[in-house]
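> here's a sequence, model it:
(chains A and B)
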Amino acid sequence: MAKQNVVVVGGGLAGLAATMRLAEAGVHVDLISMVPVKRSHSVCAQGGINSVNAATRELGDSEHLHFDDTVYGGDFLQNQPPVKEMCDWGPRIIDLMDRLGVAFNRTSEGNRDQRRFGGTLFKRTAFAGATTGQQLLYALDEQCRRWEGDGLVDKFEYWEFLGPILDESGVCKGIVAQDMFQMTIRAFPADAVVMAHGGCGLVFGRSTMSMICTGGAAGRCFKAGARYANGEFIQVHPTAIPGTDKLRLMSESARGEGGRVWVPRKPQDTRDPLSIPASERYYFLEERYPEYGNLVPRDIATREIFDICVNHKLSVEEGQLCVYLDLTELNAATHKKLDGILEIYEKFQAVDPRVTPMKIFPAVHYTMGGLWVDYEKDAKTEGLVYGSPRNQQSDIPGMYIIGEADYQYHGGNRLGANSLLSCIFTGMFVAPCVENYMKSLQAGAADQPASLYDAEVGKHQQQFDDLIRNAGDENPYTIHAELGDTMTRNVTVVRYNKNIDESLAKIDELADRYKRISLSDKGNWTNQNLSFSRALGDMLELAKVIAMGARNRDECRGAHYKPDFDIPAPSADDASTLRKQAEAWCDRFAEKNSKFLKTTVAVYKPEGPELSYEDVETSTIPTRPRTYGLKGAEIIEEVWRARIASGTDKKPAAAKV
Amino acid sequence: MSKKFKVAIKRQDDPNGASRWERFEIENEKGMNITTALQRIAASPVTIDGKQSTPVAYDACCLEEVCGACSMLVNGSVRQACTALANTLLENKPDEITLEPMSKFPVVRDLVVDRSKMFNSLSRVHAWVPVDGYSDRGAGPRISQHQQEDSYPLTTCMTCGCCVESCPQFHPESDFIGPAAISQAVLFNEHPIGSFEADKRLEILTGNGGIADCGNAQNCVKVCPKNIPLTRSIAKAGRSATVFAIKQFFEK
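A predicted model of the protein is given here:
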């Protein structure tokens, strides 16, 4: 067989980690990216990267506890073996990034410093100022540049992925991509393809995501037969700065370093926030969650801001979800550690957050769901089998999915500073899996008939020509704005079936109108209008997957919150009623798990996505109620522990009737 | 805040085409920046004279000044379009806002330029730590807080191109690698392991297009959006280059 070649699509943390690791093994990589890889969305990650470390170990921390925090924070929706493997790799990954020269902040002895992030009580998060994602990405970019010099990596920047190429038995043998300057379309034959295209924030119009996070690549893989899992799990970050073009992230590290969230107790108090005395300030996260305080998991912080602003009408700005994030009490040394993000606020709001509390809003931030991937469990370690060709492989043989693009690691809600870890981990980990997959191949890309590639290129050329020529009266940008509006309004923080139905109908209407779009640029040179309009078609497809997943899931889990299906907390004053209520609560909890502790899996059909449900592997850490700040948490936990001990936790309440 | 404002954009259809100016009128919005204005034009590309045009091609990605994509000349000064707030610009120049592509790079279309020369310079100066491999070999070297504070600003360089755009010595015909690449060479020469390849970097810095081409105009440090101490890096590189050259001379 000829020399093997892998195509990696996407040059963020995951894509670059995979590229560098494959190159190290002597495998040639064609790296495809819509932007120079150094401009990938990973640069926007600010706060840091999690792993167990020497300092937390002294306090009793372990890989297992990181694993536990991650699945508990994710509301047990993850298959556990991949998560266990990732947490076990944490310390090694940080060590590697340290060796690659990442300017992590240091202790006085010269060790890496750590800060605390949400959803944990340990300081697990290593950081480089407040631009950790940027620093990590650059370190990997530098290594890939090194391999480029050695001829093992060829970068194709400003190239857009159009679709996978499957041979007659459905095995992936490469991709088709388009040069975004010259608009030429060509095939990239490959023995295996690794997709690392990131999230799909643009489905929600404006989000904290970069302009390239359209979901275009995901939509194209989905249409080619890769299933999409847990689409409805979208993280809304509690703290962002609103903008006319995008919503800018204000890192969780602002709270990790001591920033406090509050609103004036008096609705829309017009006084200068600093003149409002402490007694008239409502530090609602600290009051409601004494243990975690401002560092509750993101889904909870976001819902609390929603509750404060919508139900209690305490928003700092009327009609908006807006609260103070106050860093004015922090000292200069701490401000310095946060310079990167404080400057962003200052530049866009023209207010110095060191002396004036920031006004922050929740914003769509991360897609926990993504393309479905397989794994092979190692029975001994309860993690993954190293190098198994099944790990991270999609439904399309030979096509692997990593980073934010896969669905595997964060379940119902991602913990802060776990994404950088999952991206680098999957990139590193997938390489030997791909190598072993390629070893098993009888025929490589070079053995395929040229007609296979020509046909696919021809198909995409035709689609391109059709889109350019499409004559209609609809404007793609208007459709995008309407899509973002309906998705943000009905399918984010608080979800009601009635509203989701409204969005589903709206998406159908938009999809219909999409057929009649007309491009304002029909040229054949650097046509950004075309690229955006094509991606809009994919966004509409993903929007259906997200909204349908949300519609069908009648429960609350992680970021997916439906008040109509929330289980009311035990509230009785006398012990025996309280216990009965807790028992009933646990019955309902068990019942909901038997129904909904499942992965939503969507398969593409031309008439609309079809959903099915898959069991979740939870054999290492038994499922338990997520009780952050819940009233009656202690009694619920006590009842549940007893059920786990007696093995009755998995039996739904219905079985008792 | 004015309700509407004018934007004049220097457009060019392709690398070989002639440039022309087109003017658009934009509805002002609270907190509006230049990238939003370009989005609004894309949605409705009609010029101020009512002529149907095409969306303006421009580079933009993160929109929070951390990716480096959207550099262009705004009112004649190089900067990122995302942090260029319309109202602030209008305060100084109320008649119109001008947008042009950077002048030191080949234009691809409209405001999009080809900055690959800058990325190539990073290869030339070996801007990386030469690790043996990516398997588990423990942590990297200890780094003092002082050194981390020194190197951190240099690591925030996003290869945006502002420094070279403002540099009189950097132009299409020159070989000069420019302030950004010099600063990266310094960053890696000061890293405990990166320094193992210091001589390779100094060879480049003392060669054609290296440090000697710097004319000390000091524009770079003024326009850097990340406030990277570029002139300090250049001074450091100059000193190391001199020592290196003398050493080379005696070793001949």
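
> could you use CA atoms for every contact and neighbour count after this?
Fine.

> pretty sure B:Thr83 sits in a strand.
No - per DSSP: H, G, I helix; E, B strand; the rest coil, B:Thr83 lies outside any strand segment and is coil.

> please report phi then psi for B:Cys163.
phi -60, psi -40 (degrees, to the nearest 10).

> A:Trp159 reaches A:Gln182, doesn't it?
No - in this structure, A:Trp159 is not within contact of A:Gln182 by CA atoms under 8 Å, at 9.7 Å.

> who has more neighbours, these two?
A:Trp159 (25 against 15; other CA atoms under 10 Å in any protein chain shown).

> spatially nearest residue to that one, not counting backbone neighbours?
Sequence neighbours aside, A:Asp179 is the residue nearest to A:Trp159 in space, at 4.5 Å (criterion: CA to CA, 6 or more residues apart in numbering or on different chains).

> can you tell me the distance between the two ends of stretch A:592-609?
Criterion CA to CA, to the nearest Å; first-to-last residue distance in stretch A:592-609 is 24 Å.

> would you mind listing the buried residues in it?
Of all the residues in stretch A:592-609, those buried under the rule 16 or more other CA atoms under 10 Å in any protein chain shown are A:592-594, A:596-604, A:609.

> chain center to it, what's the gap?
Relative to its chain's centre, stretch A:592-609 lies at 18 Å (CA atoms, centre = their mean, to the nearest Å).

> what's the helix or strand for A:Arg186?
Using DSSP states H and E, A:Arg186 sits within strand A:185-189.

> what is the following helix or strand past that strand packed up against?
Next helix or strand after strand A:185-189 toward the C-terminus (DSSP H and E): strand A:192-195. When contacts are defined as 3 or more CA pairs under 8 Å, 6 or more residues apart in numbering or on different chains; DSSP states H and E, strand A:192-195 sits against strand A:5-9, strand A:172-179, strand A:399-401.

> run through who's touching strand A:192-195.
The contact list for strand A:192-195, computed with CA atoms under 8 Å, 6 or more residues apart in numbering or on different chains, reads A:5-10, A:15, A:172-175, A:398-402, A:405, A:434, A:438.

> and the stretch 151-252 of chain B, which residues reach chain A?
B:Ser151, B:Tyr152, B:Thr155, B:Thr156, B:Met158, B:His191 (CA under 8 Å from any CA of the partner chain).

> let's have these in JSON lines, adding pLDDT.
Compiled in JSON lines, those are given as follows (pLDDT from 0 to 100):
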{"residue": "B:Ser151", "pLDDT": "96"}
{"residue": "B:Tyr152", "pLDDT": "97"}
{"residue": "B:Thr155", "pLDDT": "97"}
{"residue": "B:Thr156", "pLDDT": "97"}
{"residue": "B:Met158", "pLDDT": "98"}
{"residue": "B:His191", "pLDDT": "98"}
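
> buried subset of those residues as a PyMOL selection?
Remark: buried members of these, expressed as a PyMOL selection using 16+ other CA under 10 Å:
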select buried, chain B and resi 151+152+155+156+158+191
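
> circling back: so which of the helices and strands packed on strand A:192-195 is the most packed in?
strand A:399-401 (a mean of 30; mean count of other CA atoms under 10 Å in any protein chain shown).

> how far is it from where the chain is centred?
Distance of strand A:399-401 from its chain centroid, counting by CA atoms, centre = their mean, is 17 Å.

> tell me the helices and strands packed up against that strand.
Short answer (3+ CA pairs under 8 Å, 6+ apart): strand A:399-401 packs on strand A:192-195.

> pull the residues that contact the helix or strand just after the strand it packs on.
Counting by DSSP H and E, the next helix or strand C-terminal to strand A:192-195 is helix A:216-223. By CA under 8 Å, 6+ apart, the residues outside helix A:216-223 that reach it are A:161-164, A:197, A:200, A:228, A:370-371, A:405, A:534-536, A:538-539, A:541-542, A:603-605.

> repeat that for stretch B:122-138.
Against stretch B:122-138 from outside (CA under 8 Å, 6+ apart): A:21, A:24, A:92, A:95-96, A:99-101, A:139, A:142-143, A:145-146, A:149, B:181-182, B:184-185, B:188, B:191, B:193-194, B:197, B:200-201, B:204-205.

> tell me how far that stretch is from the chain's mean position?
With CA atoms, centre = their mean, you get 24 Å for stretch B:122-138.

> okay, buried residues for it please.
Those would be B:Leu122, B:Ser123, B:Arg124, B:Val125, B:His126, B:Ala127, B:Trp128, B:Val129, B:Pro130, B:Tyr134, for stretch B:122-138 by 16+ other CA under 10 Å.

> picking up where we left off before, given the strand holding A:Arg186, what are its sheet partners and their directions?
Looking at strand A:185-189 with DSSP bridges, its partner strands are strand A:172-179 (antiparallel).

> may I have the strand it pairs with exported as PDB, CA atoms only?
Taking C-alpha atoms only, strand A:172-179 is exported to PDB below (Å, rounded to 0.1, in the frame of the first residue of the first chain):
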ATOM      1  CA  CYS A 172     -14.500   7.200   4.400                       C
ATOM      2  CA  LYS A 173     -11.700   7.700   1.800                       C
ATOM      3  CA  GLY A 174     -11.200  11.400   2.000                       C
ATOM      4  CA  ILE A 175     -13.000  14.700   1.800                       C
ATOM      5  CA  VAL A 176     -14.000  17.400  -0.700                       C
ATOM      6  CA  ALA A 177     -13.000  21.000   0.100                       C
ATOM      7  CA  GLN A 178     -13.100  24.400  -1.500                       C
ATOM      8  CA  ASP A 179     -10.400  27.000  -1.600                       C
END
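
> run a quick neighbour tally on residue 218.
You didn't pick a chain, so chain A it is. Neighbour count for A:Ala218, taken as other CA under 10 Å: 32.

> let's do chain B instead
17.

> any idea how far it is from chain A?
B:Gln218 sits at a distance of 23 Å from chain A (criterion: CA to the nearest CA, to the nearest Å).

> pretty sure that residue is touching B:Pro229, no?
No - with contact defined as CA under 8 Å, B:Gln218 does not reach B:Pro229; the gap is 10.5 Å.

> tally of neighbours for B:Ala198?
So B:Ala198, with other CA under 10 Å, has 20 neighbours.

> excluding chain neighbours, what is closest to it?
With CA to CA, 6+ apart, the residue lying closest to B:Ala198 is B:Asn189, at 5.1 Å.

> could you do A:Phe425 as well?
Residue nearest to A:Phe425 in three dimensions, not counting chain neighbours: A:Met86, with 6.3 Å by CA to CA, 6+ apart.

> you'd agree that neighbour is in a helix?
Yes - per three-state DSSP, A:Met86 lies within a helix segment.

> does it touch A:Cys423 like I think?
No - if you go by CA under 8 Å, A:Met86 and A:Cys423 don't touch, sitting 9.9 Å apart.

> hang on, the earlier thing: OK, contacts around the residue nearest to A:Trp159?
Contacts for A:Asp179 (CA under 8 Å, 6+ apart) come out as A:Tyr158, A:Trp159, A:Glu160, A:Ile185.

> A:Ala301 too?
Counting by CA under 8 Å, 6+ apart, the residues that A:Ala301 touches are A:Pro238, A:Leu285, A:Asn294, A:Leu295.

> which of those lies closest to chain B?
Using CA to the nearest CA, A:Pro238 comes nearest to chain B of the contacts of A:Ala301, at 17.7 Å.

> could you look up the SS state of the closest one?
Three-state call for A:Pro238 (three-state DSSP): strand.

> got a list of what it touches?
A:Arg298, A:Asp299, A:Ala301, A:Thr302, A:Ile305, A:Ile360, A:Phe361, A:Pro362, A:Ala363.

> just those: which are in helices?
In helices, defined here by DSSP state H, the members of the contacts of A:Pro238 are A:Arg298, A:Asp299, A:Ala301, A:Thr302, A:Ile305.

> isn't the first one up against A:Leu415?
It refers to A:Arg298. Yes - using CA under 8 Å, A:Arg298 is in contact with A:Leu415, at 7.1 Å.

> overlap in contacts, the two.
Joint contacts of A:Arg298 and A:Leu415 (CA under 8 Å, 6+ apart) are A:Gly118.
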